[in-house]
Every structure is written in C-alpha cells, then in structure tokens.
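Visitor: I would like the atomic coordinates for the input below:
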Amino acid sequence: MNALESFTFVRHIDGLRHGFERDGERNGRPAYRRTDGDVWCVWSEPDGWHCEIADGLVTAHPVEGRADGPEPPATVWLSSKNDRSYLYDLRTPPGPSRA
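Guide: Take a look at the predicted model:
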C-alpha cells in the first residue's frame, strides 16, 4: 500500500489550516503529526481514525462515525476540546502525494 504523505485540516468557520505530515506508524497504520504542534492523527482499535494530543486525549474524529480504512478519511471531522467545537474538512494534496 502506498500511504498518504500529508493532508490538511481546513476549519469551516474561518478557513484556518492545520497541516499534518506522515511520521512513522502506530498500530500497524501510518501516523501523522501536526506540523505546528504535538497533535497526532492516528488509528487505534477502540477509536478508529482520530486525532489526539500528547496525553492520549482524543480531540477529533470523523463526523460520519468510526473510520477504519487504511488512512484517515477525506471527510468532515469534529474537533472538540474543553468548551470549543469546530468542524474541519480533511483535504489531501492534489496529484500524487503517496510514498
């Protein structure tokens, strides 16, 4: 399988972008780290694809339910932390971006 090398979360409300790049593997699937911080987009058996911060707290997941594909789905994600929630689109780069 050729894994996705990078993607961007784009916030619905204002277009804010958070880039993620592939950084190894976790649980037998690609792991992606946010380019400006310690936020990971990873897959796990209990949670499917999700984003988590350093202490393992899940902060985002696809809106359409558990995602178990080989890479994070290019769909709408809900990010929640403390009393804030935002919707993001996961967008992949145009053209070939796989290793």
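Visitor: check contacts around residue 44.
Guide: Applying C-beta atoms under 8 Å, 6 or more residues apart in numbering, we find residue 44 in contact with 26, 27, 50. C-beta here means a position set from N, CA and C on the backbone, and glycine is covered the same way.
Visitor: For the chain, which segments count as helices?
Guide: With DSSP state H as the definition, the chain shows no helices.
Visitor: where are the low-confidence patches of it?
Guide: 1, 95-99 (pLDDT under 70).
Visitor: mind redoing it with 80?
Guide: Across the chain, the ranges flagged by pLDDT under 80 are 1-3, 94-99.
Visitor: For the residue nearest the centre of it, name its beta-bridge partners.
Guide: Nearest to the geometric centre of the chain sits residue 41, at 3.9 Å (C-alpha atoms, centre = their mean). Under DSSP bridges, the beta-bridge partners of residue 41 are residue 32, residue 51.
Visitor: next one: residue 7
Guide: residue 20.
Visitor: what number of residues lie near residue 94?
Guide: Using other C-beta atoms under 10 Å as the criterion, residue 94 is surrounded by 6 other residues.
Visitor: Kindly provide the distance from it to residue 24.
Guide: From residue 94 over to residue 24 the distance is 25 Å, taken as C-beta to C-beta, to the nearest Å.
Visitor: So which residues of the protein form strands?
Guide: Using DSSP state E, the strands of the chain run over residues 6-11, 17-26, 29-34, 39-44, 48-53, 58-62, 76-81, 84-91.
Visitor: contacting residues around the residue lying closest to residue 87 once chain neighbours are set aside?
Guide: Nearest residue to residue 87, sequence neighbours excluded (C-beta to C-beta, 6 or more residues apart in numbering): residue 12, at 4.4 Å. The contact partners of residue 12, taken as C-beta under 8 Å, 6+ apart, are 86, 87, 88, 89.
Visitor: Contacts only, for the third one.
Guide: With contact taken as C-beta under 8 Å, 6+ apart, residue 88 is in contact with 9, 10, 11, 12, 18, 60, 76, 77, 78, 79.
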